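In: Here is my input, please return the structure:
(2 chains)
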Amino acid sequence: MTLYTAPISVGDGPLVSAKGVSKFFGEKQILTDVDLEVERGEVVVLVGPSGAGKTTMLRTLNRLEAIDAGEITINGALIGQRRNKQGKLVDVSARTLARQRADIGFVFQHFNLFPHMTVLENITLAMTDVKGERKADAIAYAKELLDRVGLADKADVRTRSLSGGQQQRVAIARALAMRPALMLFDEPTSALDPEMVGEVLAVMKDLAEAGMTMLIVSHEMGFTREVADRVIVMDAGKIIETGPPAQVFTAPQHERTRQFLSKVL
Amino acid sequence: MNFDWLYFWGALFTPSPRFLSGLALTVIISIVAMALALVLGLAIALLGRSRFLPFKLFASLYVWVIRGTPLLVQLVIIYTGFAAAGFFRFEDVDLFGALIRGAVQAAIVGLMLNESAYISEIVRSGLESVDSGQNEAALSLGMTPTQSMRKIIVPQAIRIMVPPLGNSFNGLMKATSILSIIGVAEMFQVGSTMSSATFKVFEVYAVVALYYLLLTTVWTLIQTAIENALNARAGLPPAESVMKRLFGLGGRRQIPSARAAQPVDAA
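Out: Residues are numbered from 1 along each chain as shown, chains lettered A, B, ... in the order given. Below is the predicted model:
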């Protein structure tokens, strides 16, 4: 049984394309001229020391962070921006950006489930209020997703009463409910107790095997080796190396990669 | 001790129609002023969150001036000062057959303005207390900022705002006692008329105090019920009990926090 049944995105070119992306927080440059592509169906893991800009890069892809230079397209369309008549990039309306984000699933380190709702309501809210699905259809699909992440019996409980691993699985189901073309994961297991990491990674592995396009910021090197098609190593706001995990982990080209890997492997 | 018990019990249990109408006016002014202050306070808080600089500046200026000056002075300026300067005069008006005195209108406006500054700060801090990750999660699901505010932020912020808003209302009811200065015939003013007519100063003001205590106690009951209803909807244990609030009786309350929540089962 696959986790993900909606049609995988079709089209030409890479699903994610970032070109020359730079980002500042005040005076501090977080990202410097980053180029990044993710092909359709590809599973890419972003690794690197903390402060390297991995999370910021991930957040620019659904424009939770605006960028100061460069351009990002998802499925060929600029995200959060458009070109005006003079060819300059300007922000799109909040409504247009919202519509774009609905096709991009995002899983947060701290889950960010809505504590004032039940598990089921967490999942169905955006289905009905954003996509306009009928309530009964939304509930049926939400229950199916909950079943697939192993939480069918938790539909009517409050998120507060769940363990961290359960909360993160609900968060993944909530993102999948929008039938996204792309899933972004921001350190999805970093806030979990060690014994709960496995259950979340198992769900993500299912999803990868089902052909979902995924970009993951992670420190789980074992998982990365097993599931990733490609690893991107970032350091100090730049991509310093990219390649299949076998290559990057066993024969890193860059000195900084070697240093980083010696600490985490 | 010279305390006329007979007069005291009489004033307490068989209050005169004038006293009751003063009590009614206190309650009505409190409720109307609070309702208007909630609307205005919310508007000021939203202006303060605006990205448009003049709105932001206006909101902080408003809060600074109103919170930095006494209510008594504000009331006198609005009612007496404005009229004396020929700027604006509150006239008696007939509203659906009820005569609303100018002083009562000025009282409501003054209390509303004063309270709204405090309420805007309560609303602001309530909205800010909701973790920013909540808004980000809503946006990442394709909700607009407006949808996120309505469905995610406000429902969580309200639960946080109710206790301080309740305290505000409690304070507002007691603050109505200074309306006598602009000649509003609320409970305190009726009391002071009674006391100067009978010279039963202690007896009269003891009754007045007990009626304020009655009002604030009834409000505590209502506020607790509101908090409990909101907590139940959020799946949280009940708020502090009324006995605990009023008399400090009962056990220590467990304060639940979202982050520190214990997993019920770690399947």
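
In: State which one residue of chain A is found closest to chain B.
Out: In chain A, the residue that lies nearest chain B is A:A102 (2.7 Å; C-beta to the nearest C-beta). Bear in mind the C-beta positions are built from the backbone N, C-alpha and C, glycine included.

In: ok, that residue touching B:L139?
Out: No. Counting by C-beta atoms under 8 Å, A:A102 does not reach B:L139; the two are 10.1 Å apart.

In: picking up where we left off before, give me every residue that touches the closest residue to the residue of chain A closest to chain B other than its chain neighbours.
Out: Leaving out its chain neighbours, the residue that sits closest to A:A102 by C-beta to C-beta, 6 or more residues apart in numbering or on different chains is B:G142, at 2.7 Å. By C-beta atoms under 8 Å, 6 or more residues apart in numbering or on different chains, the residues touching B:G142 are A:A98, A:R99, A:R101, A:A102, A:D103, A:A126, A:V130, A:K131, A:M178.

In: Was I right to think the fifth one contacts A:A175?
Out: No. The pair A:D103 and A:A175 does not pass the contact test of C-beta under 8 Å, sitting 10.9 Å apart.

In: thinking again about what came up before, quick one: pLDDT of the residue of chain A closest to chain B?
Out: A:A102 is assigned 95 on the pLDDT scale.

In: Please report how far it lies from A:A155.
Out: Taking C-beta to C-beta, to the nearest Å as the measure, A:A102 falls 23 Å from A:A155.

In: Compare A:D103 and A:A175 and say which one has the larger neighbour count.
Out: It is A:A175, of A:D103 and A:A175, that has more neighbours when counted by other C-beta atoms under 10 Å in any protein chain shown, with 24 against 17.

In: Just give the closest residue to that one, not the sequence neighbours.
Out: A:G105 is the one closest to A:A175 (C-beta to C-beta, 6+ apart), at 3.2 Å.

In: next one: A:V149
Out: The shortest distance from A:V149 to any non-neighbouring residue, by C-beta to C-beta, 6+ apart, is to A:R169 (4.1 Å).

In: now what about stretch B:154-164, what contacts it?
Out: For stretch B:154-164, contacts defined as C-beta under 8 Å, 6+ apart pick out A:115-116, B:122-123, B:126-127, B:129-130, B:134, B:223, B:226-227, B:230-231, B:234, B:236, B:239.

In: and if you look at stretch B:198-207?
Out: Outside stretch B:198-207, the residues that touch it by C-beta under 8 Å, 6+ apart are B:F3, B:D4, B:Y7, B:F8, B:A11, B:L12, B:P15, B:G191, B:S192, B:M194, B:S195.

In: can you do 10 Å?
Out: Contacts of stretch B:198-207 from elsewhere in the structure, counted by C-beta atoms under 10 Å, 6 or more residues apart in numbering or on different chains, are B:1-13, B:15, B:19, B:187-188, B:190-197.

In: in the chain, which spans are strands?
Out: Reading this off chain A. Applying DSSP state E to chain A gives strands spanning A:16-25, A:28-38, A:43-47, A:69-74, A:77-78, A:81-83, A:89-91, A:104-107, A:182-186, A:213-217, A:230-235, A:238-243.

In: if you could check chain B rather than the one you did, that'd help
Out: For chain B, applying DSSP E gives strands covering B:93-95, B:98-100.

In: Chain A is nearest to which of those?
Out: strand B:93-95 (39.4 Å).

In: name the helices or strands packed onto the closest one?
Out: Judged by 3 or more C-beta pairs under 10 Å, 6 or more residues apart in numbering or on different chains; DSSP states H and E, strand B:93-95 is in contact with strand B:98-100, helix B:102-129.

In: wait, does the longest one contact chain A?
Out: To tie it back to what came earlier, the one meant is helix B:102-129. No. Applying C-beta under 10 Å from any C-beta of the partner chain, one finds helix B:102-129 separated from chain A by no less than 12.8 Å.

In: If you count contacts, what does that helix end up packed against?
Out: Under the contact definition 3+ C-beta pairs under 10 Å, 6+ apart, helix B:102-129 sits against helix B:17-49, helix B:53-67, helix B:71-76, helix B:82-84, strand B:93-95, helix B:154-175.

In: can you give me the offset of the first one from its chain's centre?
Out: Per C-alpha atoms, centre = their mean, to the nearest Å, the displacement of helix B:17-49 from the mean C-alpha position of its chain is 7 Å.

In: Could you quantify the relative orientation of that helix and helix B:53-67 as an angle?
Out: Helix B:17-49 runs at 150 degrees relative to helix B:53-67, counting by axes from the mean of the first three to the mean of the last three C-alpha atoms, to 10 degrees.

In: about what we covered before: verify the stated contact: the residue nearest to A:A175 with A:M204.
Out: No. Using C-beta atoms under 10 Å, A:G105 is not in contact with A:M204; the gap is 11.5 Å.

In: and for those two, which residues touch both?
Out: A:I172, A:M183, A:F185, A:M212, A:M214.

In: give me the low-pLDDT residue ranges for the stretch 51-200 of chain B?
Out: For the stretch 51-200 of chain B, applying pLDDT under 70 flags no range at all.

In: Please report how far the residue in it that chain A sits nearest to lies from B:V32.
Out: Residue nearest to chain A within the stretch 51-200 of chain B: B:G142 (2.7 Å; C-beta to the nearest C-beta). Remark: distance between B:G142 and B:V32 (C-beta to C-beta) = 41 Å.

In: give me the number of residues near residue 125?
Out: As the question left the chain open, I've gone with chain A. 22.

In: You answered for a different chain; I wanted chain B.
Out: Neighbour count of B:S125, defined by other C-beta under 10 Å: 14.

In: Over to the one 10 residues further on?
Out: Using other C-beta under 10 Å, B:N135 has 19 other residues around it.

In: list the contacts for residue 222?
Out: You didn't pick a chain, so chain A it is. A:V197, A:L201, A:L265.

In: I was after chain B.
Out: B:I222 touches B:G166, B:F169, counting by C-beta under 10 Å, 6+ apart.
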